[in-house]
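> Provided below for reference: sequence and predicted model.
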Amino acid sequence: MTDTSKTNLLGMTPAQLAGYFQDIGEKPFRATQVLKWMHQLGAESFDEMTNISKSLREKLNAQAEIRGPEIVSQDISKDGTRKWVIRVDGGSCVETVLIPEGDRGTLCVSSQVGCSLNCSFCSTGKQGFNRNLSAAEIIGQVRIAIKSFGAMSPANKRVVTNVVMMGMGEPLMNFERVVSAMHLMMEDNAYGLSKRRVTLSTAGVVPAMDKLGDVIDVSMAVSLHAPNDELRDVLVPINKRYPIKELMAACHRYLAKLDDKRVITIEYTMMAGVNDLPEHAKQLAKLLKTLPCKLNIIPFNPFPNSGYERPKAEAIEHFKNTMHKAGIRTTVRRTRGEEIDAACGQLVGMVEDRTRRTAKLIPVVQQVTPHSPAARH
Ligand code: SAH
């Protein structure tokens, strides 16, 4: 059982932690010490904190705790991809994936138990939604990944060089906690990742994109998946609230707030006969022409009863070439960790659905026709 009377320090930002120590009548530098112990040295208890007096350790033991999520299982795929199933408070599980590539290690972190957005091709969405993760549960995933390589030494910390908020959930629907956790990822006394190496991915929650640019400076990925509103309304239902034109304007506003030159990553999960046709490529090239961006094509990763298929390699190649000719930097994401179900859109965890979506048995393939209608604009 969790002891809810204790204050969990794990998800606190440096400022919050300084406030906490002030409140209990201690000096602010204690916050920095404890921060380093938790995030740089991986301490699980105050007793390990040898540069803190015994009396303060006892005080902390009585009223505070360091509590992250727990590992249920760890799978390692042939290509080195690791997937953890992680139990969070209340018994639900989320998934975290580490993708090593050369001297980089990209950690794909979850922000919610399930997801409320119900994108038609995403298995997380099909699970329904349970709740937001706490900042401790989000940053705890980073700690778990690093600690799985042994002691939290500087060498082991390099196993995670990049974090992408691309696991389960829509990070911008869990704004405050995700922002706190991302602050910790970039904090020198915690994980010290550069702002270019922390990326938030969103399906396009426009007002929250604007708010994000006001409070933190991370890189942004946008899950576009369709070049026109008719098709995007079906694939990414939040498009009905914030259509493509508004989403593109929000991307421009976000980039304008950054103090360096960066681009938005546009994600485009590609499904055979749905959004992979030459006309889609032409529409997309036109749409992205004026946005500083790079396009990342994600060939659809299948899951049971998805109703969609991955396009043939030639269709992807043709699409990519059209984008290149239009001057848009385009990469095709190599599928990683497939045999352990760790690829994009395959993360399901164990979600007790509160939206009753899973009970409704919505036909998975909705109104998607092989030839999507022309752009509305
Ligand atoms: N909700 C956020 C974060 C999730 S990121 C967002 O939408 O951006 C996960 C990425 O994988 C998104 O781009 C998502 O659209 C994509 N994805 C979901 N299901 C997929 C599938 N079955 N195959 C390939 N990509 C998928």
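That came through, no problem. Numbering: from 1, shown residues only.

> phi and psi next, for the nearest residue to residue 9 once chain neighbours are set aside.
Residue nearest to residue 9 in three dimensions, not counting chain neighbours: residue 64, with 5.4 Å by C-beta to C-beta, 6 or more residues apart in numbering. (Glycine included, C-beta is placed from N, CA and C.) With angles defined as degrees, to the nearest 10, residue 64 sits at phi -130, psi 170.

> does residue 64 really touch residue 8, like I thought?
Yes. Residue 64 lies in contact with residue 8 (C-beta atoms under 8 Å); the separation is 7.4 Å.

> now residue 169: how far from the ligand?
As for residue 169, its distance to the ligand is 6 Å (criterion: C-beta to the nearest ligand atom, to the nearest Å).

> ditto for residue 92
17 Å.

> over to residue 190?
Here the criterion is C-beta to the nearest ligand atom. By it, residue 190 lies 23 Å from the ligand.

> one more: residue 89?
If you go by C-beta to the nearest ligand atom, the gap between residue 89 and the ligand works out to 22 Å.

> what do you get for residue 56?
Residue 56 sits at a distance of 40 Å from the ligand (criterion: C-beta to the nearest ligand atom).

> equivalent analysis for residue 271, please.
Taking C-beta to the nearest ligand atom as the measure, residue 271 falls 8 Å from the ligand.

> how near is that residue to residue 297?
Separation of residue 271 from residue 297 (C-beta to C-beta, to the nearest Å) stands at 11 Å.

> with neighbour numbers in mind, choose between the two.
Legend: neighbour count by other C-beta atoms under 10 Å for residue 271 and residue 297, higher for residue 271 (22 against 19).

> list the residues that contact that one.
Contact analysis of residue 271 by C-beta atoms under 8 Å, 6 or more residues apart in numbering lists 121, 300, 308, 309, 310, 311.

> buried ones among the residues you listed?
Buried positions within the contacts of residue 271, assessed by neighbour count (16 or more other C-beta atoms under 10 Å), are 121, 300, 308, 310, 311.

> bridge partners for the residue nearest to residue 9, pull those for me.
Beta-bridge pairing of residue 64, defined through DSSP bridges, involves residue 7.

> pull the number of nearby residues for it.
Applying other C-beta under 10 Å, we find 19 residues neighbouring residue 64.

> leaving out the residues flanking it, which one is nearest to whatever residue of the chain ends up closest to the ligand?
With distances taken as C-beta to the nearest ligand atom, the chain approaches the ligand most closely at residue 345, which sits 1.9 Å away. Excluding the flanking residues, the one nearest residue 345 by C-beta to C-beta, 6+ apart is residue 122, at 4.7 Å.

> next one: residue 319
On the basis of C-beta to C-beta, 6+ apart, the spatially nearest residue to residue 319 that is not a chain neighbour turns out to be residue 281, at 4.7 Å.

> what of residue 259?
Of all residues apart from its sequence neighbours, residue 217 sits closest to residue 259 (C-beta to C-beta, 6+ apart), at 7.1 Å.
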